[in-house]
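Student: 3D model of this:
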Amino acid sequence: MLPENLEAYLNKIGKPIIAYMCTYMPEELILACGLHPFRIIPTDDLTDKASAHLQAYICPVGKGMLNWGLNNKLKNLKGIVVPHACDTIQKLSDIFRINNITDFHHDLVLPVDLTKECAKDYIESILKSLLDELGKIGTPATEQSLKQAVSLMNKVRGRLRSIDRKKISNHAFYELCLAAMVMDKEEFLDAT
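Tutor: Below you'll find the model as predicted:
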């Protein structure tokens, strides 16, 4: 299900790509601006360039994401959004920025405590700010494009939830989840 040559697949996508590092990133915002969301998937087949920037004990997933960024050859990669999910990702954000891996770089600093009254206003303001910035790369989001993006992502997530996990292997399900995070969403739905 996952495209065999991910780089070639992504280079054929007819939209600007916005990469992200963590599932805390609401893909709907990227889609609503006419952009293609791409979850960075670390692989072992790249030249190790990350070790020059990181300690040996760093999280291997984080190291793999940095390695992907430093080896990146995507023609239509326009930016990256980095949700501050863990210490490693926060530091990777700095390294991505310092090394100018993408033209657009946005740190998405989500609230830690969602139970506080101020968290709602805060998250609305930071998501609105991100949406405005993404609209400068793609097209400005509208209420209609946001509704369509939410509907599309609900279909993708619903499709993944509907899979009978007893009928496929864990590896096959993992591959489907990865495909949902990197493929064109309509193409993913048509293929599953």
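Student: Look up how far residue 17 lies from residue 108.
Tutor: Separation of residue 108 from residue 17 (CB to CB, to the nearest Å): 17 Å. C-beta: built from backbone N, CA, C; applies to glycine.
Student: How about residue 75?
Tutor: On the measure of CB to CB, residue 75 and residue 17 end up 9 Å apart.
Student: ok, now residue 184?
Tutor: Distance of residue 184 to residue 17, computed by CB to CB: 11 Å.
Student: out of those two, which sits in the more crowded spot?
Tutor: Neighbours were counted for residue 184 and for residue 17 using other CB atoms under 10 Å; residue 17 has more, 22 against 17.
Student: Determine the longest strand present in this protein.
Tutor: strand 77-83 (DSSP state E).
Student: Name the next helix or strand following that one along the chain.
Tutor: helix 87-98 (DSSP states H and E).
Student: partners of the helix or strand just after that next one in the sheet?
Tutor: Going down the chain from helix 87-98, the next helix or strand is strand 104-108, by DSSP H and E. In the sheet, strand 104-108 lines up against strand 77-83 (parallel) (DSSP bridges).
Student: which outside residues touch the partner strand?
Tutor: Residues outside strand 77-83 that contact it (CB atoms under 8 Å, 6 or more residues apart in numbering) are 10, 16-22, 24-25, 30, 35, 38, 40, 69, 89-90, 92-93, 96, 101-108, 110, 130, 137.
Student: Please apply the same query to stretch 55-72.
Tutor: With contact meaning CB under 8 Å, 6+ apart, stretch 55-72 is reached by 19, 21, 40-44, 46-51, 53-54, 80, 86, 88-89, 91-92, 95-96, 99, 101-102.
Student: Could I get the average pLDDT for the longest strand of the chain?
Tutor: Mean pLDDT, strand 77-83: 94.
Student: still on that earlier bit, need the residues touching each of residue 184 and residue 17.
Tutor: With CB under 8 Å, 6+ apart as the test, residue 184 and residue 17 both reach residue 36.
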